[in-house]
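Enquirer: What follows is a predicted structure for the sequence shown.
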Amino acid sequence: MPRDKMKTKGEVSDLKAKLAAVIKTGTLPQPKDGKGGSTGKGQSHAVPKDPQTVKRGLFKSILHYMTINVDMSGLFTQMIIASTPTNDIVLKKMLYLYICTYAQQKPDLTLLAVNTLTKDCGDSDPTVRGLALRSLCSLRVPNLIEYLLTPLKTALADRDAYVRRTAVLGVLKVFRLDANVVEELELEQKLKEMFANDSDSQVVANSLSVLQQIVKNPQDLITKPVVYSLLNRLKEFSEWSQCAVLEFVSNYRPEDGEETFDIMNVLEDRLQHSNSALVLATIKVFLHLTIAIPDIHQQVLERIRGPLFTMMHNKGPEISYTVASHLRLLVERAPMLFSQDYKQFYCRYNDSLHVKKVKLGMLTSVADESNAYDIVNELCEYATDPSETISRESIKAVGTIAMNLGQTADGLVERLLSFLDMQMDHVTAETYIVMADMMRCLPDQVEKCVDALASMRTVEVVNPEAREAIVWILGAHGDKLQEAPYILENMAMAFDEEEVRVQLAMLTAAAKLFFKRPPECHRLLTDVLEKGSESANQDVHDRSLFYFRLLKKDIQVAAQVLGSNPPTTATFAEELGSELKETLFKEFNSLSPLYSEPATNFIADDNEIEYEHDLYDLEAVEGNASGGENKGGAAYADTNLLDLSDDLSDATIATTTTTTTAASNGAPTPEATRLEADPMALLDMLDVEEPASGAGAGVEQGIRLNPSPFMDAGKFQQLWGSLGAQETFAVSSPNVRAKMPELSNQMKAVGILTMASGGQEPMYKFYQYAQLEDNSAVFLVELIANTTQGGGMLSVTCKSDAQHQSCLKSFASFFQSSLTAYVD
Amino acid sequence: MISQFLIMSLRGDTIISRDFTGDVHKVKTTSEVFYTKANRWDGANAEEEAPPVFYVDGVQYLYIKIGGVYLLATSRKNVSPALVLEFLSRVANIIKDYCGVLNEESIRQNFVLLYELLDEIVDYGVPQNTATDVLKRYILNRPILPEQLPMKSSNLLAKREGKAPVISKSVLSRDTSGKKGEIFVDIVEKLSITFNSSGYVQNSAIDGSIQVKSYLSGRPLVKVALNEDLQIAGRNDGYNSYGSNYGVLLDDCNFYEHCNLDNFDIDRTITLNPSQGEFALMNYRTTREIRPPFRVTTSLNDSGPFKVELVMKIRAEFAQRIVAPALSISMPVPKSTISISFPSSNQPGDRSGKQAQAATPPGTFLEKEKKINWTLKKVQGGSEHIVVARISLNSQSSVSVKKEFGPVSLQFNLPLFNSSRLQVKYLQILNQSTEKGQNPARWIRYMTESSSYICRM
């Protein structure tokens, strides 16, 4: 209702006047219908007489404005006066909603309401008691905590379950405001009693979710008796609570196989429940219980297929997407098991785009010799899909299936090439891209692919990625294609208009082809090298000069470097690593399978979440992570880790290529080189500077650090979660702020390298690592710098594995003294 | 679990918002970030819509789109997306139960009631009570219901039109008709069929659901009996007589939380004490062969170098007494299409010859999407329809251009039609007073809808 937004100011004072009138006289001021009708909708014709209806109408209008973000906090006092004393619960509810919304803005005035609230906590009606307690605990004003402790303690022992449920969650609300209070009052103990003994299932469920958040080590809650008692009364719980209970149980490890079967028998009928959340929670328990018993695990997978397929289509598009994503995870783990079910993954006309994408992924995974023909036929139908995304993904899928099947791919390659006949721009473009990949994977198919290009005279596709692919094909296999040099020559004429990636590809292609067909390509090569060396782009410029000098220096060496045949690859780096798959499996029934990312990428640790404050925006400072230019891109250091790892892996590939070419001096066995590429060498090439005085750093503390330790972002993340030993310390100094920019470099000098860092005033975060000189122990460090608290504070957490507890101690003290030395 | 809950209009206005935990940014920021993402997911690619679950700066956004509004939840935790999304659907159902319908207007009208409901449904982000009739105990506000015809006449009207009446009634409404309430049991089947270019069924599936809408007070015991020849694959109940191949065979099914299946494996009856409001008693899936209700044949002929004529024949292969209120047909045409004309076709009349079909309305050419649409009204069982389109192209017609035609997709709903033959044999309301004239009304209705009904060319 845009009209409402227009006239806010006037409305506030109008409502204020009306409230005042109601307080005084119990009715509205003069214009009862006529003009005043606009606020109270639907009641203009029957002018309300009694004060209760008038007040309700007014309160309703106020809440309406509150909802559409008009600031109504100015009416705080009037609201409270107008509604006290009252027995009208409808009015009370509206008042409490109002108070909870504005309490933080008006903590002083809220005090006025606290009295009423505490009184209501002792009301004879349990509904009122619950309502008052819920609101009292939701005020989120730290100063008012003292007023709510007594009612809260009383309510925990209330006769009525409704009040106890509210009270249990009240404990968590208080905990978020002030964890110490919960400890002082021994509320945790009280909750544990309720969790074990309360007769009401919702009280138990609430206690469970609160305890999981307030106890230091939630893992300790999981004991055999607890798990058994929860499972035995599982059906008393609401379906949501059942999900919470099952999530809790999924962390339980039974003592023997018999116990496993007992639990599974109890839960068997949950698989035919209509709530997909409950079914997924049950599946998680089953999968995790049986992980060590392969044959049972397989039976479980077979058992859960049916329910998952049913849920994939029976619910709305949102659930469908969730279920499909979880199915994808299972399909990727055990494609064989699903190879008969491939028709379930066919796209439906009315599936959402995202569901279709997930299904295409599953079709690719399950394709084997028995079903590939059908699947590819189906995929070919999608190639003409009105959605370009689906069309391209389907073509990619056909290519991937062909590459996965390898030897038996003959027919499939032809299907792929037939896409070129469709004469649809995006189809053609995608086909070229897939072709280039395929030629790298399947040397047997090169001939066929080249034949398909034989009729090509000019490159008509516009998509730069596709142009790059064609140029690569022409360069690598131009010896088999009569027209190749001329096509490239044509393209070279407009060299400056191409995108950088195409230009780079052209330089390489021209150089490669030159050694295969020198007379025809001589002009082409000079042409592109000349144009490239004038390019403003650093990469293009450098590569041109590099080729130029190489050719000039020693043509023989150049021939060996540039003229060799492209290596055959079996897999591509983009595919999910098995480690990630394992993590995703552990995080089944969470957001991770939807994003195909581990939770550490997108979820902050509990202690990083600040309640009631805008989260600080972390910015990438180092590592040239993508968040560098884009402020909103990476709010977490964790996210930076990911970005960094992407950069690293990209860089690794790039470097590997260089290594390959450089190494082909001898017998060129590129695959081997690719695999053997020494990570240390790679890191060196990545410009990781040697620490200035690295060697022998930390001698005085009795530890020797490796000056250039090796670590990558993925490993860092994994280790961070798993390392057992931990040391923490803090260093405070007024200079922290000034010393911040150079911190990474200074620490590098003593052998502690930075993996990722980020932050903004007043918080900075650094993730660092170091390694003993003999490489026996790795130390990971999280350093949080706060530049406000008393001039500045560095809080440091160091971790290592449990065997090196003592080393960790000396490392920590070494680090502490280095830090102190630096910041003081 | 949930940090915030919002209901937003498709235009981006926040209609309802609650912040439970305060660990995410302000609600206003939430709505802005969400709206931007939901509308511009991928700047480069306009067709991409935001997935139902995504994250921005460590805040998880989960939403469903229903009744022309977004129901949105945010979280800081690695929540179970199924749990949050199921919960949001449940909230949507509760709104429907209490406000009669779920749309922007009904939410705006009833926002105080909805705040009251939300207060009971979820506390500090943890789902509490979501059973419609238990909630009634705590709810004091009355709903403002959409203007509607009195129930009875609307039902009659709907029946005559062959449409299932839409029940837009609040569980809070007091029934004045003197009846002891009523219960609706709808067997709704969604049909997905793919025909290959020769007209054979290549792939088919039925996703069915037994939907119950109960307005019975006091949770009486209700007994629902299904076909006795119902077989469910993989269910170890000793009931399945695999020898006999007739009968209704389901691939899989699931059931409502509060139903008693003790007798299901003996005589295919389910007993339950239904909560008021709407829920799915049973969902099922079958990929068994089915008789498709519609068959389509198409032919494409060159009528000049730049012209193609399309003739499409649609046959309704179901009983004559059944009428599809509307059948809409849509088909993509090549990108090079300039214009399409729709000559009035000579109707051959239906096969029974009883009455000539009304002339087929011309199709419409959606130029932007490059699509043709036809909508046929009141398609009776046994009838046959022909539609013709003359398509002008700006490039030579060729094999590859013809590949851009199709597939044809059909959308329809067929009341009284049931593809799987799953039936509710009877519906008994037990243990209730036997006063005369006090019997609750019971309705059992069948409905088949198209889900993905595709004919390839």
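Expert: Nice, I can see it. Numbering: from 1, shown residues only, chains lettered A, B, ... in the order given.

Enquirer: Tell me how many other residues surround the residue of the stretch 151-300 of chain B found nearest chain A.
Expert: Using CB to the nearest CB, the closest approach of the stretch 151-300 of chain B to chain A is made by B:Asp252 at 3.8 Å. Just so you know, the C-beta spots here come from the backbone N, C-alpha and C atoms, and that holds for glycine as well. By the measure other CB atoms under 10 Å in any protein chain shown, the count of residues near B:Asp252 is 23.

Enquirer: phi, psi of it?
Expert: Dihedral pair for B:Asp252: phi -170, psi 160, per degrees, to the nearest 10.

Enquirer: The one 10 residues further on now?
Expert: Reported as degrees, to the nearest 10, the phi and psi values for B:Asp262 are phi -60, psi -40.

Enquirer: re the thing from before, from A:Glu332, how far out is the residue of the stretch 151-300 of chain B closest to chain A?
Expert: Distance of B:Asp252 to A:Glu332, computed by CB to CB, to the nearest Å: 22 Å.

Enquirer: which residues touch the residue of the stretch 151-300 of chain B closest to chain A?
Expert: Counting by CB atoms under 8 Å, 6 or more residues apart in numbering or on different chains, B:Asp252 touches A:Gly306, A:Pro307, A:Phe309, A:Thr310, B:Ile232, B:Ala233, B:Gly234, B:Tyr284, B:Arg285.

Enquirer: Confidence-wise, which of those residues comes last?
Expert: Least confident of the contacts of B:Asp252 in the model: B:Gly234, at 69.

Enquirer: Flag every residue of the stretch 251-400 of chain A that's near chain B.
Expert: Counting by CB under 8 Å from any CB of the partner chain, the stretch 251-400 of chain A comes close to chain B at A:271-277, A:279-281, A:306-307, A:309-311, A:313-319, A:321-323, A:343, A:346, A:348-354, A:381, A:384, A:386-389.

Enquirer: Now, of these, which are buried?
Expert: A:271-277, A:279-281, A:306-307, A:309-311, A:313-319, A:321-323, A:343, A:346, A:348-354, A:381, A:384, A:387-389 (16 or more other CB atoms under 10 Å in any protein chain shown).

Enquirer: can you list the domains in chain B?
Expert: What automatic domain parsing lists as the domains of chain B is B:4-136, B:178-290+B:417-455, B:294-415.

Enquirer: Sorry, slip of the keys, the one I care about is chain A.
Expert: According to automatic domain parsing, the ranges for chain A are A:454-572, A:689-823.

Enquirer: I'd like the ones you listed as TSV, with distance to chain B and mean pLDDT appended.
Expert: Output for these, formatted as TSV (distance: least, CB to the nearest CB, whole Å; pLDDT from 0 to 100):
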stretch	distance to chain B	mean pLDDT
domain A:454-572	12	83
domain A:689-823	12	74
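
Enquirer: Dump these into a markdown table; add distance to B:Ile144 as well.
Expert: Output for the domains of chain A, formatted as a markdown table (distance: least, CB to CB, whole Å):
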| stretch | distance to B:Ile144 |
| --- | --- |
| domain A:454-572 | 55 |
| domain A:689-823 | 48 |
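
Enquirer: Put together a markdown table for those, with mean neighbour count on each row.
Expert: Converted to a markdown table, the domains of chain A look like this (neighbours: other CB atoms under 10 Å in any protein chain shown):
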| stretch | mean neighbour count |
| --- | --- |
| domain A:454-572 | 17 |
| domain A:689-823 | 18 |
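
Enquirer: for the host helix or strand of B:Val185, what is the average pLDDT?
Expert: Applying DSSP states H and E as the criterion places B:Val185 in strand B:182-195. The pLDDT scores in strand B:182-195 average 93.

Enquirer: And that strand, what does it pack against?
Expert: On a contact count with 3 or more CB pairs under 8 Å, 6 or more residues apart in numbering or on different chains; DSSP states H and E, strand B:182-195 meets strand B:201-214, strand B:424-429, strand B:441-455.

Enquirer: try it again with 6 Å
Expert: On a contact count with 3 or more CB pairs under 6 Å, 6 or more residues apart in numbering or on different chains; DSSP states H and E, strand B:182-195 meets strand B:201-214, strand B:441-455.

Enquirer: what's the angle from the last one to strand B:201-214?
Expert: Strand B:441-455 and strand B:201-214 meet at an angle of 160 degrees, taking axes from the mean of the first three to the mean of the last three CA atoms, to 10 degrees as the criterion.

Enquirer: Which strands or helices does strand B:441-455 pack on?
Expert: Strand B:441-455 packs on strand B:182-195, strand B:408-415, strand B:424-429, going by 3+ CB pairs under 6 Å, 6+ apart.

Enquirer: Now do the contacts for B:Ile121.
Expert: Applying CB atoms under 6 Å, 6 or more residues apart in numbering or on different chains to B:Ile121 gives the contacts B:Thr130.

Enquirer: please redo it, this time with the cut-off set to 7 Å
Expert: B:Ile121 is in contact with B:Val91, B:Ile94, B:Pro127, B:Gln128, B:Asn129, B:Thr130, counting by CB atoms under 7 Å, 6 or more residues apart in numbering or on different chains.

Enquirer: Is there proximity between the helix or strand containing A:Ser209 and chain B?
Expert: A:Ser209 belongs to helix A:201-214 when elements are defined using DSSP H and E. Yes - Helix A:201-214 is in contact with chain B by CB under 7 Å from any CB of the partner chain, via A:Gln202, A:Asn206, A:Ser209.

Enquirer: tally of neighbours for the second one?
Expert: Taking other CB under 10 Å as the neighbour definition, A:Asn206 ends up with a count of 30.

Enquirer: Ends of stretch A:770-777, what's the gap?
Expert: End-to-end distance for stretch A:770-777, by CA to CA, to the nearest Å: 9 Å.

Enquirer: Taking strand B:408-415 as reference, get the angle to the strand holding B:Val185.
Expert: Strand B:182-195 and strand B:408-415 are oriented at 160 degrees to each other (the same axes, to 10 degrees).

Enquirer: just how off-centre is strand B:182-195 within its chain?
Expert: Put simply, strand B:182-195 sits 8 Å off its chain's centre (CA atoms, centre = their mean, to the nearest Å).

Enquirer: Name all residues that make contact with the residue nearest the centre of chain A.
Expert: The centre of chain A sits closest to A:Phe602, judged by CA atoms, centre = their mean, with a distance of 3.3 Å. Applying CB under 7 Å, 6+ apart to A:Phe602 gives the contacts A:Tyr595, B:Tyr55, B:Gly58.

Enquirer: helix or strand for the second one, which one?
Expert: Using DSSP H and E, B:Tyr55 sits in strand B:53-56.

Enquirer: ok, now which ones touch the closest residue to B:Asp302 other than its chain neighbours?
Expert: Of all residues not flanking B:Asp302 in the chain, B:Ser397 sits nearest, at 5.4 Å (CB to CB, 6 or more residues apart in numbering or on different chains). By CB under 7 Å, 6+ apart, the contact set of B:Ser397 is B:Asp302, B:Pro305, B:Phe306, B:Val308.

Enquirer: what does B:Phe279 give?
Expert: Here B:Phe279 is in contact with B:Val212, B:Tyr256 (criterion: CB under 7 Å, 6+ apart).

Enquirer: quick revisit: can you narrow the contacts of B:Ile121 to ones near chain A?
Expert: Answer for the contacts of B:Ile121 near chain A (CB under 7 Å from any CB): B:Pro127, B:Gln128, B:Thr130.

Enquirer: Relative to A:Leu97, how far out is the first one?
Expert: Meaning B:Pro127. Taking CB to CB, one finds B:Pro127 at 19 Å from A:Leu97.
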